[in-house]
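Colleague: Coordinates only, no sequence provided:
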Ligand SMILES: [Zn+2]
Ligand SMILES: [Zn+2]
């Protein structure tokens, strides 16, 4: 996976910029709404294909939450806390957990693990206070 293999089209640059500025984990719809401001003729399918491409190339990360793809530009290994009430996703960094997961990953036969992240499901502070 050499970076030189990647063609930085206008669309890809706009999508990467959007992800860098977006605070959180936008869905395809969110990214589409965002880049459409500048690239008025872009289609949702194009946004989706570019997101998939960039994730495949390791330039962004795809996080799957309840069957919905979300994307982020934070490539530092990290985990997520996900609120089952409102769906809020937050980054959770734990080197211990990352190291532990990878130490187990090394024991998996016939498979080379490259990364691992954990989703913690629960209730966020905002939702707890509403109860
Ligand atoms: Zn919540
Ligand atoms: Zn994240």
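Modeller: That came through fine. Everything numeric here is computed off the predicted structure, so don't read it as measured data. Numbering: from 1, shown residues only. Ligands and ions are numbered 1, 2, ... in the order given.

Colleague: when you scan the worst-scoring helix or strand of the chain on mean pLDDT, is anything in it near ligand 1?
Modeller: Within the chain, confidence by mean pLDDT, DSSP states H and E is lowest for strand 61-65 among all helices and strands, at a mean of 88. No. Figure legend: strand 61-65 not in contact with ligand 1 (C-beta under 5 Å from the ion); closest approach 12.9 Å. Yep, even glycine has a C-beta here, placed from its N, CA and C like the rest.

Colleague: May I have the beta-bridge partners of residue 81?
Modeller: residue 90, residue 120 (DSSP bridges).

Colleague: residue in the protein nearest to ligand 2?
Modeller: When scored by C-beta to the ion, the chain has residue 91 as its residue closest to ligand 2, at 4.2 Å.

Colleague: Can you tell me the closest non-neighbouring residue to that residue?
Modeller: Nearest non-adjacent residue to residue 91, counting by C-beta to C-beta, 6 or more residues apart in numbering: residue 78, 4.9 Å away.

Colleague: what helices or strands is the host helix or strand of residue 53 leaning on?
Modeller: When elements are assigned from DSSP states H and E, residue 53 belongs to helix 44-56. If you count contacts as 3 or more C-beta pairs under 8 Å, 6 or more residues apart in numbering; DSSP states H and E, helix 44-56 packs onto helix 10-21, helix 28-35, strand 61-65, strand 68-72.

Colleague: For it, what is the distance to the chain centroid?
Modeller: The chain centre lies 12 Å from the centre of helix 44-56; the measure is C-alpha atoms, centre = their mean, to the nearest Å.

Colleague: List the contacts of that helix.
Modeller: Applying C-beta atoms under 8 Å, 6 or more residues apart in numbering, the external contacts of helix 44-56 come out as 9, 11-12, 15-16, 28-29, 31-32, 35, 60-62, 69, 71.

Colleague: Now with 6 Å, please.
Modeller: Helix 44-56 has contacts (C-beta atoms under 6 Å, 6 or more residues apart in numbering) with 11, 12, 15, 28, 31, 32, 60, 62, 71.
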